[in-house]
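A.B. asks: Fold the following.
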Amino acid sequence: MKELIRPMMATLIRKPFSRSGWVHEEKYDGFRAIAYRRGKNIHLYSRNLKDVSGDFPQIVQALARLAGGDFVLDGELVVFDREGVSRFQLLQQHEIDHRIQPIFVIFDCLEINGEQIMTKPLAERRKAMEIMIPVNSPLLQRSRIVASNGLVAYETAKKKGWEGIVAKDESSSYEPGKRTRTWLKVKCRMESEFVIGGYTPPAGHRTHFGALLVGLYDHGQLRYTGKVGTGYSEQGLLRVIATKMKPLETSTSAFKPAPQEGDVTWVHPRLVAQIAFAEWTKDGKLRQPAFLGLRYDKNPSECQWRGRDR
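C.D. replies: Here you go, the predicted structure:
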């Protein structure tokens with residue numbers, strides 16, 4: 001395997017725009033992944049370079065069937081709901097229900113037939129990707145280009161309930177590991193990643209735990225941002241989360257300062273959760289947070305207070 005490539009990232013902006021030479025794609029709500037083919041070997045790597053090939057065997061098989069030689073493809077592992085909207089919580093449920101079939105949505109080609117093309121313009125890389133990915137493939141899809149006008153694309157995304165849109169400069173090269181201004185994202189839904197630092201006991205009919213206590217790193221210390229008690233759609237999901245938290249239990253809080261919550265079991269800050277929320281309160285807490293899933297493709301250190309709006 002050649003040196004692994006860290007994904008290029010988009011910069012969050014507040015409002016959509018329309019500009020000549022830019023395309024607007026649907027923003028997908030899933031796991032970022034880069035696929036490599038080296039001879040007969042296929043590997044999928046997450047954005048933090050974890051090999052997740054074993055978790056998505058059918059997608060690996062679909063990639064192996066593609067014509068041509070060695071390649072590197074950048075995309076998002078997603079699960080769509082009945083309305084065709086990607087939902088992170090559905091992808092999370094794949095872990096406990098393997099009847100749920102993820103799809104690999106591909107939006108960039110970094111290598112084709114063994115030739116590295118990251119320095120070529122996005123428009124050329126997109127054409128290379130479209131040559132490789134058939135339009136009728138059930139497990140591999142080309143990312144959806146919405147409209148050339150970003151204002152129209154954003155309105156479409158809002159109407160369809162998408163997470164947002166990504167505007168890309170067609171003349172831009174691929175910059176591994178960088179958050180650039182040639183890819184710009186606009187969100188329709190408020191979602192972000194937070195570090196789990198503790199949990200409360202279950203109540204009522206709930207089992208395993210009641211709510212998660214989450215936070216973001218602020219100048220090296222974990223800052224408490226709220227308690228998340230909704231969004232756990234299945235008992236199986238509660239069990240999976242509880243099983244992962246159990247070995248992380250500790251007697252001291254990782255939050256500085258510790259939140260004034262009674263009867264909390266503290267955990268070492270090793271797990272990252274995807275959380276949807278309505279807005280930030282004036283005192284820096286999440287309003288109406290809901291759990292969407294655990295993120296295995298991000299490190300806790302990436303969850304930064306200063307980057308909460310990125």
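A.B. asks: in the stretch 1-150 of the chain, which spans are strands?
C.D. replies: Using DSSP state E, counting those that start in this stretch, the strands of the stretch 1-150 of the chain run over 9-12, 22-27, 31-38, 41-46, 71-78, 103-112, 115-116, 140-142, 145-147.
A.B. asks: Let me have those strands in CSV, extended by mean neighbour count and mean pLDDT.
C.D. replies: From N, CA and C alone the C-beta is placed, and that goes for glycine too. CSV is the format used below for these (neighbours: other C-beta atoms under 10 Å; pLDDT from 0 to 100):
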stretch, mean neighbour count, mean pLDDT
strand 9-12, 17, 94
strand 22-27, 22, 96
strand 31-38, 22, 96
strand 41-46, 19, 96
strand 71-78, 24, 97
strand 103-112, 23, 98
strand 115-116, 12, 95
strand 140-142, 20, 97
strand 145-147, 18, 92
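A.B. asks: Can I get the ones you listed in a markdown table including distance to Pro289?
C.D. replies: Listed next are the strands of the stretch 1-150 of the chain as a markdown table, based on distance: least, C-beta to C-beta, whole Å:
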| stretch | distance to Pro289 |
| --- | --- |
| strand 9-12 | 19 |
| strand 22-27 | 20 |
| strand 31-38 | 21 |
| strand 41-46 | 24 |
| strand 71-78 | 22 |
| strand 103-112 | 27 |
| strand 115-116 | 42 |
| strand 140-142 | 30 |
| strand 145-147 | 28 |
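A.B. asks: among those strands, which is nearest Tyr296?
C.D. replies: strand 41-46 (6.7 Å; C-beta to C-beta).
A.B. asks: Who are the packing partners of that closest one?
C.D. replies: When contacts are defined as 3 or more C-beta pairs under 8 Å, 6 or more residues apart in numbering; DSSP states H and E, strand 41-46 packs onto strand 31-38, helix 57-64.
A.B. asks: Reformat these as TSV; add distance to Gly75.
C.D. replies: Output for the helices and strands packed on strand 41-46, formatted as TSV (distance: least, C-beta to C-beta, whole Å):
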stretch	distance to Gly75
strand 31-38	6
helix 57-64	10
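A.B. asks: out of these, which comes closest to Gly215?
C.D. replies: The closest of these to Gly215 is strand 31-38. By C-beta to C-beta, the value is 22.4 Å.
A.B. asks: who touches that closest one?
C.D. replies: By C-beta atoms under 8 Å, 6 or more residues apart in numbering, the list of residues contacting strand 31-38 from outside reads 1-2, 4-5, 7, 42-47, 52, 63-64, 66, 69-78, 91, 104, 106, 110, 295-297.
A.B. asks: before we move on, the earlier item: with respect to Glu124, which of the strands of the stretch 1-150 of the chain lies nearest?
C.D. replies: Counting by C-beta to C-beta, Glu124 lies closest to strand 103-112 out of those; the figure is 8.9 Å.
A.B. asks: chain center to the closest one: distance?
C.D. replies: 16 Å (C-alpha atoms, centre = their mean, to the nearest Å).
A.B. asks: and the angle from it to strand 71-78?
C.D. replies: Taking axes from the mean of the first three to the mean of the last three C-alpha atoms, to 10 degrees, strand 103-112 and strand 71-78 form an angle of 160 degrees between their directions.
A.B. asks: so what secondary structure elements neighbour strand 103-112?
C.D. replies: Short answer (3+ C-beta pairs under 8 Å, 6+ apart): strand 103-112 packs on strand 31-38, helix 57-64, strand 71-78, helix 122-132, strand 140-142.
A.B. asks: That's all I had, so thanks and see you.
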